[in-house]
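>>> following is a predicted model, sequence given first.
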Amino acid sequence: MAVSSLDQGLQDTRSIPRRDHEVPSLLTPRKPIKVMYIISDLSIGGAEMTLYKLLAETNRERFEPVVISLIDQGVLRERIEALGIAVHTARMKPGWPTPLGLWRLIKLIRGLKPDLILGWMYHSCLAGEVAKILSGHRIPMIWSIHYSLSSLVTEKKLTVAVIKLCGLLSRLPSRVVFVSEAGQTQHQPLGYPIEKSCVIPNGIDVKEFIPSAAARLSVRAELGIPEDAFLIGLIGRFHPMKDHANFLTAASLLSKSHPDTHFLLIGRGVDQYNQGLQDSIRQLDLADRTHLLGERRDTSRLAAALDIFSLSSYGESCPNVIGEAMACGVPCVVTDVGDTVWIVGETGRIIPPRDSNALALAWEEMIAMNPQDRKALGLQGRARVIEHFPIDAVMKRYEDLYETVLASEQPVESVSLTSPRIAALGATFEETGAQ
């Protein structure tokens, strides 16, 4: 995986000279840098969990994180607050930022006075950039993009519009972070500036995601299947891009030669209430060996129970679930999307997207392996994750980026917007209870 010149430079941020007024004093310890993270909501998802895990690794002596959830929902709020990190909400509704919700976000920026703002995914980048400008404060902002553009045709028109609008505005932030080189390349034609961007991959908590014989047994007991049952799993929300149909078709093909193999599907919307998914499973005659668990909080346990982890998507950027399975010592069979080739390396199998035959054949090849060889392949995957993707090292790269951006910004006093229109707008919102 090539490293961009800016990305390479971020690894050398310790060599950046301090200004005289930045030199810490023993008598006056340096005040932590307040970083405001803006995210759409705090439901469980790959990008949301990445933020939570990065927050848990934050050096609190150097940084003071605060989180703004644009929409007041999500089970991760309590988990973030348990870290001792404040969570606020702009109480927006899904979709375009409303004037009322935008005004609440402006007030939060003015009240909390962050040193740096980080937008987490498109909608938050757009809302944060606009609110920052209207707040009247010159605050550096970083955008963090977690998406692959290979699936735009399946997205809502509003989401596509936000992605394109962000492209038009993407020269405003100080930096744009992509989690994959594929994502960085795909966004360039839409106007996202390559010279202001860098790649920081998703990080994996290798202390939480570990090989576990106990998990293997307990999950099989929970599913009511034999202890020696071969189990292939997929973890991901129900979305066209995840291509569950591809996974199930491959499962049907494999079942003809390996009828005792079981399949485990986990993720938001992947449950007994998904009638379309249930119908597909019945039509493919997989009902007695396919298990739908929906959204779960014990994914480290579930991943460690698998014999093979699989990704059937036709569009991704830098999928957390692959690295998490690898950290559990589980070999992977994944589609060639985003940066999956870089993540897996030589420790698994890469197959074309939308090719159920190739997926089934790769599974069959791994099943045929000597169990010790398959285990060794999984442990090679864990070693690769420890070397390239540990969450603490990824968080350090973000923190070095924060200090690099702040060091390059000219110190500017807060600017007060005195436009009568803006003042009148604020007064109107406050009168109508928008506080």
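Nice, thanks for sending it over.
>>> going forward, measure contacts between C-alpha atoms and count neighbours the same way
OK.
>>> need the contact partners of stretch 241-260.
Residues from elsewhere that reach stretch 241-260, judged by Cα atoms under 8 Å, 6 or more residues apart in numbering: 151, 154, 229-230, 236, 238, 261, 263, 280-281, 284-286, 289, 311-316, 354-357, 359-361, 363-364.
>>> span of it from start to end?
Using Cα to Cα, to the nearest Å, the end-to-end distance of stretch 241-260 comes out at 28 Å.
>>> mean confidence for that stretch?
For stretch 241-260, the mean pLDDT works out to 97.
>>> could you pull out the buried residues of that stretch?
Under the neighbour-count criterion of 16 or more other Cα atoms under 10 Å, stretch 241-260 has 241-255, 260 buried.
>>> count the neighbours of the residue lying closest to residue 291 once chain neighbours are set aside for me.
Using Cα to Cα, 6 or more residues apart in numbering and skipping residues adjacent in sequence, the residue nearest residue 291 is residue 264, 4.9 Å away. By other Cα atoms under 10 Å, the residues close to residue 264 number 19.
>>> which SS class is residue 338?
Three-state assignment for residue 338 (DSSP: H, G, I helix; E, B strand; the rest coil): coil.
>>> need the contact list for it.
Going by Cα under 8 Å, 6+ apart, residue 338 touches 148, 180, 181, 182, 183, 315, 316, 317, 318.
>>> could you do residue 385 as well?
Applying Cα under 8 Å, 6+ apart, the residues near residue 385 are 204, 206, 323, 326, 327, 343.
>>> ditto for residue 309
Contacts of residue 309 (Cα under 8 Å, 6+ apart): 232, 233, 234, 303, 322, 325, 330, 331, 332, 333.
>>> out of the residues you listed, who's nearest residue 274?
Taking Cα to Cα as the measure, residue 274 lies nearest residue 234 of these, at 16.0 Å.
>>> isn't the closest one up against residue 313?
No: contact criterion Cα atoms under 8 Å: residue 234 and residue 313 do not qualify, at 10.1 Å.
>>> per-residue pLDDT, residue 169?
96.
>>> now the one 3 residues further on
In the predicted model, residue 172 carries a pLDDT score of 97.
>>> for residue 191, see how far away the residue nearest to residue 291 is.
40 Å.
>>> next one: residue 402
Distance, residue 402 to residue 191, by Cα to Cα: 23 Å.
>>> same check, this time on residue 327
Counting by Cα to Cα, the gap from residue 327 to residue 191 is 36 Å.
>>> and these two? which has more neighbours close in?
The residue with more neighbours, out of residue 327 and residue 191, is residue 327; 32 against 15, by other Cα under 10 Å.
>>> and the pLDDT for residue 115?
98.
>>> give me the beta-bridge partners of the closest residue to it other than its chain neighbours?
Leaving out its chain neighbours, the residue that sits closest to residue 115 by Cα to Cα, 6+ apart is residue 34, at 5.2 Å. Listed beta-bridge partners, residue 34: residue 64 (assigned using DSSP bridges).
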